[in-house]
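>>> sequence first, then the predicted structure:
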Amino acid sequence: MLESVRRALTRPPVRVKQEHGPMAAVAMVLMPGEDVLFIRRAVKPTDPWSGHVSFPGGRKDPADPDTLTTAIRETREEVGVDLGRAHLIGELDEVRTVGVEPALVIRPYVFAAEAPAAFALQAEEVAGVHRFPLERLLAGDGRGMMKWSRHGFDLDLPCVDFDGVRLWGLTLLMVDDLLHRLDGRGVGAARNRG
């Protein structure tokens, strides 16, 4: 499967046009057995993604020379995984936040890494870790739709539910980017129909 992921990531990533504004980076880490590493963000009233399942990562620090450094630094800080020794496979398409000002452009990197003996969670940022097999995500296990309300609007959004853990929003969009590159079955709700 790892070789398929490498081939899928040979297409250059789509970049979001943004003259100024904050950048962030996340790491999609593939562990042995092609398990994808996710974190559950700590519950914080000031965090628009409080309690959500996402990839390790965060905003680019002014001291970071580039977003790759950001993804590596944030992953080490949040879960104790040293991606400096991991294999960078490639990049996925950038995504832009919606409903959060100023808009944040997120650059996702894909790594292959060994699982640590134990995760070292940064408690103020991360409440827990989850690992989901890439094969299950490709097979559509747990795939469905969810209701989401924001500013008086109700939307039906795609989601994936595994054992009480829900992937949705920008994280699922990034996952779907990789899945679509692997199997051509679409992104978002289009995968539900495939």
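Now that the structure is in, tell me what you want to look at. Numbering: from 1, shown residues only.
>>> what's the nearest residue to Leu2 if we skip its chain neighbours?
Of all residues not flanking Leu2 in the chain, Ala112 sits nearest, at 6.0 Å (CB to CB, 6 or more residues apart in numbering). Yep, even glycine has a C-beta here, placed from its N, CA and C like the rest.
>>> run a quick neighbour tally on that neighbour.
17 (other CB atoms under 10 Å).
>>> same question, Leu88
16.
>>> what sits opposite it in the beta ladder?
Assessed by DSSP bridges, Leu88 has beta-bridge partners Phe111.
>>> let me see the contact set for it.
Listed by CB atoms under 8 Å, 6 or more residues apart in numbering, the contact set of Leu88 reads Leu68, Tyr109, Val110, Phe111.
>>> out of the residues you listed, which are buried?
By neighbour count, with 16 or more other CB atoms under 10 Å, the contacts of Leu88 hold Leu68, Tyr109, Val110, Phe111 as buried.
>>> just checking the distance from the helix or strand the second one falls within to the centre of its chain.
Looking back up the chat, that one is Tyr109. Using DSSP states H and E, Tyr109 sits in strand 105-112. Distance of strand 105-112 from the chain centroid (CA atoms, centre = their mean, to the nearest Å) equals 7 Å.
>>> who does it touch, helix- and strand-wise?
Applying 3 or more CB pairs under 8 Å, 6 or more residues apart in numbering; DSSP states H and E, one finds that strand 105-112 makes contact with helix 2-8, strand 23-31, helix 67-79, strand 87-91, strand 95-96, helix 169-183.
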